[in-house]
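**Q** What follows is a predicted protein model with its sequence.
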Amino acid sequence: MSLDYSFVRLLLLLSLFCFRCVFGRERAADSVGLQTINVDHKAKSSFVFNVKSFGAKADGQTDDSKAFTAAWKEACQSKGRVHLIIPRGKYMVGPLKFSGPCRNVSALNLRMNGYLKATTELSKYEFGGGWIQFAWTKGLTLTGGGTFDGQGAKAWPHNKCSKDSNCKLLPTSLKFIGMNKTVIRGISSVNSKFFHIAVVDCHYFKGSKLKIQAPETSPNTDGIHIERSSSVYFSSSHIATGDDCISVGEGNSHVTITSIACGPGHGISVGSLGKYPNEGDVSGLVVRDCTISGTTNGIRIKTWANSPGRSAATNMTFTNIVMNNVTNPIIIDQLYCPFRSCASKTPSKVKLSDIYFKNIRGTSSSQVAVALECSKGIPCQNIYLEDVHLNLASGKKEVTSTCSNVKAKFIGTQIPPPCT
């Protein structure tokens with residue numbers, strides 16, 4: 001009996017020791033916002049960081065920027081699969097830079113369930129910078145259904161870019177720079193001060209189920225701007241802004257845009273191109289299965305006159321696009337000038353070629369439904385229009401088309417009639 005009793009006591013002591021080791025470690029980890037979670041049978045671990053564990057108040061008034069920065073720093077310096085959590089609540093944050101590289105992190109999942117409000121103090125932002133900037137990170141996934149509110153209404157009166165080509169740029173809400181293998185899904189962006197989302201120097205970038213919204217009168221609130229990036233894919237999103245729903249800038253390749261509901265705004269644009277020296281070419285763009293409603297342009301390609309250097313935009317396809325009461329449903333504008341007047345009328349040096357418009361249908365609010373105004377210096381080459389059927393929304397007159405410096409090739413149904 002005494003031997004059995006001693007054996008039972010030994011087992012109890014060992015159990016108590018193990019319990020204290022395991023749960024004591026977990027409490028210590030929680031004290032710095034960290035938990036260890038087993039994720040597979042190979043004994044790999046996943047780390048979870050919660051911004052509230054770093055002091056975020058989530059009251060919508062206290063500046064929570066330091067808590068967010070501290071949480072990102074710990075997450076980026078961690079190992080393996082990492083989860084950064086922004087729980088439900090309202091967070092006021094100033095400009096944030098979430099930068100890598102996170103050398104030992106294999107995947108960083110940022111679950112944004114909260115409502116983030118940008119500070120309205122413009123002095124806190126860098127010229128041409130971002131409100132929330134992600135940079136030089138591989139394997140970021142941003143999800144959670146949360147909202148980024150740029151609180152742009154107080155900043156828009158300070159936007160002078162419609163009058164001054166050297167204007168001070170307001171901050172972009174979400175800026176991704178030098179990212180690789182990035183996914184953003186199911187988030188909302190409202191009332192950005194400038195662009196809502198900018199993707200710059202990124203590769204393998206996927207965005208889906210996004211909701212982007214700003215008033216129709218808000219200046220330069222492009223929904224998504226893409227520049228110098230490759231293998232970019234945006235799909236299944238609704239964008240309503242005061243500027244381009246999506247703008248594809250210089251230096252992009254293999255960009256796919258599909259199932260976008262666009263409007264109000266300025267439509268889906270390539271450009272503007274040719275404003276700066278040494279711009280990269282654009283190639284491999286596909287825009288398909290989109291609906292554009294109540295916009296000032298539909299599918300637009302815009303290049304500046306008097307380009308300081310030569311570049312090209314080629315191999316671009318726009319297919320299965322529905323236009324609902326759209327001004328300028330199909331437009332190539334190689335004399336682009338967003339200002340009240342432009343001094344130079346020198347032809348654009350951006351070469352446009354191998355561009356396909358297929359199955360474009362719906363209604364136009366302007367009598368000219370197709371306008372192909374190409375460069376006199378470098379005329380457009382291999383422009384194809386196949387099965388275009390656009391009626392005037394009012395039904396009072398027939399739509400027309402105009403062309404200059406281009407010999408387009410027309411296939412199938414052509415309403416308006418082909419221009420010559």
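**A** Thanks, I have the structure now. Residues are numbered from 1 along each chain as shown.

**Q** where do the strands sit along the stretch 251-400 of the chain?
**A** Counting by DSSP state E, counting those that start in this stretch, the segments of the stretch 251-400 of the chain that form strands are 253-262, 268-273, 282-293, 299-304, 311-326, 330-336, 350-364, 368-373, 381-392, 400-404.

**Q** Of all those, which one comes closest to residue 209?
**A** Distance to residue 209, taken as C-beta to C-beta, is lowest for strand 253-262 among the strands of the stretch 251-400 of the chain, at 10.0 Å. Bear in mind the C-beta positions are built from the backbone N, C-alpha and C, glycine included.

**Q** so what does the closest one touch, helix or strand wise?
**A** Judged by 3 or more C-beta pairs under 8 Å, 6 or more residues apart in numbering; DSSP states H and E, the packing partners of strand 253-262 are strand 230-240, strand 246-248, strand 268-273, strand 282-293.

**Q** Save the ones you listed as TSV, and put in distance to residue 113, mean neighbour count and mean pLDDT too.
**A** What follows is these, written out as TSV (distance: least, C-beta to C-beta, whole Å; neighbours: other C-beta atoms under 10 Å; pLDDT from 0 to 100):
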stretch	distance to residue 113	mean neighbour count	mean pLDDT
strand 230-240	19	20	98
strand 246-248	26	25	98
strand 268-273	30	25	98
strand 282-293	29	20	98
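
**Q** could I get the ones you listed as a markdown table with distance to residue 57?
**A** Below are the helices and strands packed on strand 253-262 laid out as a markdown table (distance: least, C-beta to C-beta, whole Å):
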| stretch | distance to residue 57 |
| --- | --- |
| strand 230-240 | 31 |
| strand 246-248 | 36 |
| strand 268-273 | 40 |
| strand 282-293 | 40 |
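
**Q** out of these, nearest to residue 48?
**A** Nearest to residue 48, of those and by C-beta to C-beta, is strand 230-240 at 28.4 Å.

**Q** Give the pairing partners of the closest one; include direction for each.
**A** Strand 230-240 has the following sheet partners, assigned by DSSP bridges: strand 203-208 (parallel), strand 211-213 (parallel), strand 253-262 (parallel).

**Q** To residue 94, which of these lies closest?
**A** strand 211-213 (21.8 Å).

**Q** Quick one: list the elements packing against whichever helix or strand comes after the closest one.
**A** Going down the chain from strand 211-213, the next helix or strand is strand 224-227, by DSSP states H and E. With contacts taken as 3+ C-beta pairs under 8 Å, 6+ apart, strand 224-227 sits against strand 197-200, strand 230-240, strand 246-248.

**Q** Could you list the alpha-carbon positions for strand 224-227 in CSV?
**A** In CSV, the C-alpha atoms belonging to strand 224-227 read as follows (Å, rounded to 0.1, in the frame of the first residue of the first chain):
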residue,chain,number,x,y,z
ILE,A,224,-7.0,51.1,-57.5
HIS,A,225,-3.8,52.4,-59.1
ILE,A,226,-1.2,49.9,-60.4
GLU,A,227,2.3,50.9,-61.4
